[in-house]
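only geometry, no sequence info:
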């Protein structure tokens with residue numbers, strides 16, 4: 001029986017993005033069969049390559065777990081886009097591509113002369129996506145940003161933190177959220193092009209996409225005139241709702257009893273007479289005594305084995321889960337049964353498990369076929385094989401430092 005075809009087989013992507021947001025879109029397209037060529041330069045690597053720890057032996061850029069985790073199923077080409085030769089070669093790749101991905105500030109793209117109009121001049125069918133933090137047409141368009149700073153401007157940090165305390169940086173970053181939005185928009189544009197034959201430009205602003213996720217707080221502020229307070233792990237509508245210690249150091253369990261039935265099941269499962277006190281009978285009363293309630297629950301959970309406690313609570317239909325560490329996830333039998341983690345052997349780092357595709361499609365399954373590429377790994381395959389450059393031309397590009405496989409800095 002023939003293997004099922006990939007959903008995006010035949011779609012060619014040129015990805016000059018860096019970090020997380022743009023590469024997230026590229027990896028999703030690649031998982032479903034798109035041919036993704038990632039473009040860096042030896043003058044300016046994808047900045048996530050610089051996140052590797054350890055002594056710099058000239059190869060730490062190949063050991064970045066961040067880079068290696070988000071760039072699988074891609075080919076890597078180095079081109080100095082600030083040079084005329086590098087830009088010309090990029091445009092030759094664009095001429096035969098379907099999608100172009102970038103996540104730079106507007107002035108960088110304009111300076112490189114790689115705005116959508118420049119791309120469309122060589123390929124009217126190209127679909128390009130930009131991911132500027134604040135959009136490209138305001139006074140903020142050239143301001144630098146990171147996921148954590150955008151989270152602050154979206155209102156997330158202002159809602160996050162312990163009761164009565166300062167805001168708290170989440171550290172999860174808005175970037176993957178933006179990458180998901182961009183992927184959705186690209187798929188819609190590809191479908192539109194099937195009908196019209198025309199490409200288009202897509203802009204996904206980080207701050208606007210991120211602000212969608214604090215919509216309840218925005219609505220509440222308009223209705224009440226007061227923003228919601230920071231509450232840590234607590235909830236204004238559910239009690240108990242939090243993380244509670246168990247018997248091992250740094251082993252925690254999350255419990256949220258949403259209904260009175262779940263609350264009663266929790267009390268019965270924990271077997272604590274203290275939890276049967278009158279002040280915990282109703283939800284309103286439990287909310288009014290949240291801190292006392294949390295202490296009473298933790299007095300029981302602190303003497304319990306985490307795995308056994310979670311199993312007992314889940315059997316009683318109480319929403320509960322372990323607070324998993326990375327080591328817990330790697331050993332999780334459920335994820336193993338789902339075959340979620342994929343083993344990849346990559347040069348310079350060896351064999352490791354990586355999170356695999358989390359979208360399941362019965363007819364067009366996602367595939368992980370190659371680890372993240374090394375710097376310039378596919379220069380010959382793409383530039384010589386696809387664009388037809390001769391060995392002499394390739395050598396001249398190396399001598400001029402337009403291409404290469406080692407960073408200059």
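Noted; the coordinates are in hand. Predicted, not measured: the structure shown is a model, and the values here were computed from it.

Residue 321 belongs to a strand?
Yes. Checked against DSSP: H, G, I helix; E, B strand; the rest coil, residue 321 lies within a strand.

what bridges to it?
Beta-bridge pairing for residue 321 (DSSP bridges): residue 254.

Show me the helices in the stretch 251-400 of the chain, by range?
Ranges of helices within the stretch 251-400 of the chain are 260-270, 283-288, 290-301, 306-315, 326-330, 333-337, 379, 391-399, based on DSSP state H, counting those that start in this stretch.

name the helices or strands packed onto the first one?
Right, the one you point to is helix 260-270. On a contact count with 3 or more C-beta pairs under 8 Å, 6 or more residues apart in numbering; DSSP states H and E, helix 260-270 meets helix 283-288, helix 290-301, helix 306-315. For every residue, glycine as well, the C-beta is placed using N, CA and C.

now with 7 Å?
Applying 3 or more C-beta pairs under 7 Å, 6 or more residues apart in numbering; DSSP states H and E, we find helix 260-270 packed against helix 306-315.

Three-state assignment for the residue nearest to the spatial centre of the chain, please.
Nearest to the mean C-alpha position of the chain, by C-alpha atoms, centre = their mean, lies residue 176 at 2.7 Å. Three-state assignment for residue 176 (three-state DSSP): helix.

show me what contacts it?
Neighbour list for residue 176: 20, 24 [criterion: C-beta atoms under 7 Å, 6 or more residues apart in numbering].

Now do it against residue 270, distance only.
Applying C-beta to C-beta, to the nearest Å, the value for residue 176 to residue 270 is 37 Å.

Residue ranges of each domain in the chain, please.
Taking automatic domain parsing as the reference, the chain has its domains at 12-212+339-399, 241-325.

lowest-confidence stretch among these?
With a mean of 93, domain 12-212+339-399 has the lowest mean pLDDT of these.

okay, how far is it across it, tip to tip?
29 Å (C-alpha to C-alpha, to the nearest Å).

how far does that domain sit from the chain's center?
Distance, stretch centre to chain centre, for domain 12-212+339-399: 11 Å (C-alpha atoms, centre = their mean, to the nearest Å).

re earlier: dump the domains of the chain to JSON lines, plus distance to residue 232.
Output for these, formatted as JSON lines (distance: least, C-beta to C-beta, whole Å):
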{"stretch": "domain 12-212+339-399", "distance to residue 232": "4"}
{"stretch": "domain 241-325", "distance to residue 232": "8"}
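
Looking at those domains, spot the one closest to residue 229.
Minimum separation from residue 229 across those (C-beta to C-beta) falls at domain 12-212+339-399, 6.9 Å.

still on that earlier bit, just say which of the helices of the stretch 251-400 of the chain is most tucked in.
Greatest average neighbour count among the helices of the stretch 251-400 of the chain goes to helix 379 (a mean of 22), per mean count of other C-beta atoms under 10 Å.

What helices and strands are in contact with that one?
When contacts are defined as 3+ C-beta pairs under 7 Å, 6+ apart, helix 379 packs onto no helix or strand at all.

try 10 Å
Packing partners of helix 379 (3 or more C-beta pairs under 10 Å, 6 or more residues apart in numbering; DSSP states H and E): strand 74-78, helix 391-399.

Out of the domains of the chain, flag the one nearest residue 234.
Closest to residue 234 of the domains of the chain is domain 241-325 (C-beta to C-beta; 5.7 Å).

how far out from the middle of the chain is that closest one?
Mean-position distance between domain 241-325 and its chain equals 32 Å (C-alpha atoms, centre = their mean).

coming back round to it: pick the most deeply packed of the domains of the chain.
Among the domains of the chain, domain 12-212+339-399 has the highest mean neighbour count (mean count of other C-beta under 10 Å), at a mean of 18.

from memory residue 380 sits against residue 391, does it?
Yes. Contact status for residue 380 versus residue 391: in contact at 9.3 Å, counting by C-beta atoms under 10 Å.
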